[in-house]
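*Asks:* Here is the input, now give the coordinates:
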Amino acid sequence: MREPAPPAPRPRVLRRDRPRWRVVTIALLLCAWCVGGAAANQVAVPDLPARPGVPVEVAESLVAAFRAALVESGLRVSVAAIITPGIAGSLEVEFTRLIAELEGTQFAVSGEIVARSGAGGEPFVINILAVDVVRNRTSDLLSRPLAAATVARVANELAALVSAFVSAEIPLGDAGLFVSSEPRDAEVRLDGVPLGRTGSLDVVGLQPGRYELEVRREGYLPEIRFVELRARDTTFVHVTLTEVTGGSIRVTSTPTADVIVDGERVGRTPLTLSSLPGLRTVRLERPGFAPFESTEQVRNFRVTRTDVSLAPLHPTMLVWDTARPGLVVVDGTLRQDGYAEVGVGLVRIELRSAGNTRSFLRAIPALGVHVLDLASGEITPLAR
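*Replies:* A predicted model of the protein is given here:
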């Protein structure tokens, strides 16, 4: 007796009214819903160990000020008294996650305070690492030079970085982004927020605008670029990563500046460069601003991040991008260093490029640093 024929396969219907990015958008919304809870805004901060050469009172005052600054930012802090110094100072992702799990918090930090070698500058350096166990996120290694007199300022700076890590969100919308890489399985970050890993990450729907895209994988130099996303359109980005030995340093500054590492000029911010493990001296220079110098600890397969706001040397300044071709004349004087000291009120600006001269008046509305856009001629306050 013949068996009945199997039913004919049903035709596959493509739903053109449901773009693939909507699936990722829904998943992200569900993820955001899941993280709400008792520990969602709680950070475990154990006592960070003082390495040889660091006075115990400096470490204790720094940790106390750091916890207080986190509380002032709106976060709840767990003292993590049961955490041993070995785990608290590990700067390892697995042990930092363990701190959060033992304390029942979503976020945790580990860190250490070490003595600097060599003369000049602050005598100590604090290094911390933050994790998010719910969304499986990890910060870069955050470092700051430290002295007994700068404890309060450094604590506030670190608290601001951790607070930004805790509150990082993805603005969802109808501008699509798809990222691939060689090799695959690289982490994708957008404005510092992890989106997923290449190979398993689908099209992501975001608000239109300009974003900093970072693709990283252990053992490779992170690739960082800016992408412009448009409404109802999908941007495709493919990144080829470069294999490295050691770690890397990511340097950003406001405004942009020249970067010198161990006495060698290596480029201009924003900049990511590979480095052998160990202590590295990073110096930022830009005419019109005080130079900045710090000692950074580079670790294997880690990104050490340095974010700097340079201090202006004058109360009111006009700055512009020196990488763009052309000459800038301010109030009749040629300015070739990328800045001009000005006063509040009207200034006359001439932009000369390829035989073309544009001349116009612009108002400096208040004290501070203002940015001149060489393309449009518009002036805006420097975002710090």
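
*Asks:* Put the alpha carbons of stretch 102-122 into PDB.
*Replies:* The C-alpha trace of stretch 102-122 is given here as PDB (Å, rounded to 0.1, in the frame of the first residue of the first chain):
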ATOM      1  CA  LEU A 102      28.900  38.400  45.400                       C
ATOM      2  CA  GLU A 103      27.300  41.800  46.200                       C
ATOM      3  CA  GLY A 104      24.200  41.300  44.100                       C
ATOM      4  CA  THR A 105      24.700  44.400  42.000                       C
ATOM      5  CA  GLN A 106      24.600  45.000  38.300                       C
ATOM      6  CA  PHE A 107      27.800  47.000  38.200                       C
ATOM      7  CA  ALA A 108      31.200  46.700  40.000                       C
ATOM      8  CA  VAL A 109      34.700  48.100  39.800                       C
ATOM      9  CA  SER A 110      38.100  46.800  40.500                       C
ATOM     10  CA  GLY A 111      41.300  48.800  40.700                       C
ATOM     11  CA  GLU A 112      44.600  49.700  42.200                       C
ATOM     12  CA  ILE A 113      46.700  52.700  43.100                       C
ATOM     13  CA  VAL A 114      50.300  52.400  42.100                       C
ATOM     14  CA  ALA A 115      53.400  54.600  42.600                       C
ATOM     15  CA  ARG A 116      54.900  56.200  39.500                       C
ATOM     16  CA  SER A 117      58.500  55.700  38.500                       C
ATOM     17  CA  GLY A 118      60.600  58.600  37.500                       C
ATOM     18  CA  ALA A 119      60.600  62.300  38.400                       C
ATOM     19  CA  GLY A 120      58.000  64.900  37.700                       C
ATOM     20  CA  GLY A 121      54.200  64.900  37.700                       C
ATOM     21  CA  GLU A 122      51.800  63.300  40.200                       C
END
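
*Asks:* Quick check: buried residues in it?
*Replies:* Residues of stretch 102-122 classed as buried by neighbour count (16 or more other CB atoms under 10 Å): 102-103, 105-114, 116, 122. Every residue, glycine included, has its C-beta placed from N, CA and C.

*Asks:* Then stretch 376-384?
*Replies:* Those would be 379, 382, for stretch 376-384 by 16+ other CB under 10 Å.

*Asks:* Centre of the chain to that stretch, how far?
*Replies:* Distance, stretch centre to chain centre, for stretch 376-384: 21 Å (CA atoms, centre = their mean, to the nearest Å).

*Asks:* Contacts for that stretch next, please.
*Replies:* Residues outside stretch 376-384 that contact it (CB atoms under 8 Å, 6 or more residues apart in numbering) are 254-255, 309, 318-319, 349, 351, 358, 360, 362-364, 366, 368-373.

*Asks:* Secondary structure, pLDDT and distance to residue 160 for the buried residues of stretch 102-122 - can I get that in TSV?
*Replies:* Converted to TSV, those look like this (DSSP: H, G, I helix; E, B strand; the rest coil; pLDDT from 0 to 100; distance: CB to CB, whole Å):
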residue	secondary structure	pLDDT	distance to residue 160
102	helix	94	26
103	helix	94	22
105	coil	95	19
106	coil	94	19
107	strand	96	15
108	strand	97	18
109	strand	98	13
110	strand	97	19
111	strand	96	15
112	strand	95	20
113	strand	95	19
114	strand	92	22
116	coil	79	23
122	coil	83	19
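
*Asks:* residues near the closest residue to residue 41 other than its chain neighbours, how many?
*Replies:* Among residues not flanking residue 41 along the chain, residue 75 sits closest, at 5.4 Å (CB to CB, 6 or more residues apart in numbering). Using other CB atoms under 10 Å, the number of residues around residue 75 comes to 19.

*Asks:* what's the pLDDT at residue 75?
*Replies:* Note on residue 75: pLDDT of 94.

*Asks:* now the one 3 residues further on
*Replies:* Here the pLDDT value assigned to residue 78 is 96.

*Asks:* Check residue 16 too.
*Replies:* In this model, residue 16 carries a pLDDT of 35.

*Asks:* okay, and for the stretch 251-384 of the chain, where does confidence drop off?
*Replies:* Low-confidence segments of the stretch 251-384 of the chain (pLDDT under 70): 384.

*Asks:* need the contact list for the closest residue in space to residue 299 that isn't next to it in sequence.
*Replies:* Counting by CB to CB, 6+ apart, residue 247 is the residue found nearest to residue 299 once chain neighbours are left out, at 5.2 Å. Residue 247 makes contacts with 274-277, 298-304, as judged by CB under 8 Å, 6+ apart.

*Asks:* Recalculate using a threshold of 6 Å.
*Replies:* 275, 277, 298-300, 302 (CB atoms under 6 Å, 6 or more residues apart in numbering).

*Asks:* Tell me how many other residues crowd residue 60.
*Replies:* Counted with other CB under 10 Å, residue 60 comes out at 14.

*Asks:* So it: helix, strand or coil?
*Replies:* helix (DSSP: H, G, I helix; E, B strand; the rest coil).

*Asks:* go on, the one 4 residues further on?
*Replies:* The three-state label for residue 64, taken from three-state DSSP, comes out as helix.

*Asks:* what's the distance between it and residue 107?
*Replies:* 19 Å (CB to CB, to the nearest Å).

*Asks:* likewise residue 152?
*Replies:* Counting by CB to CB, the separation of residue 152 from residue 107 is 22 Å.

*Asks:* Residue 243 now?
*Replies:* Following CB to CB, the distance that separates residue 243 from residue 107 is 32 Å.
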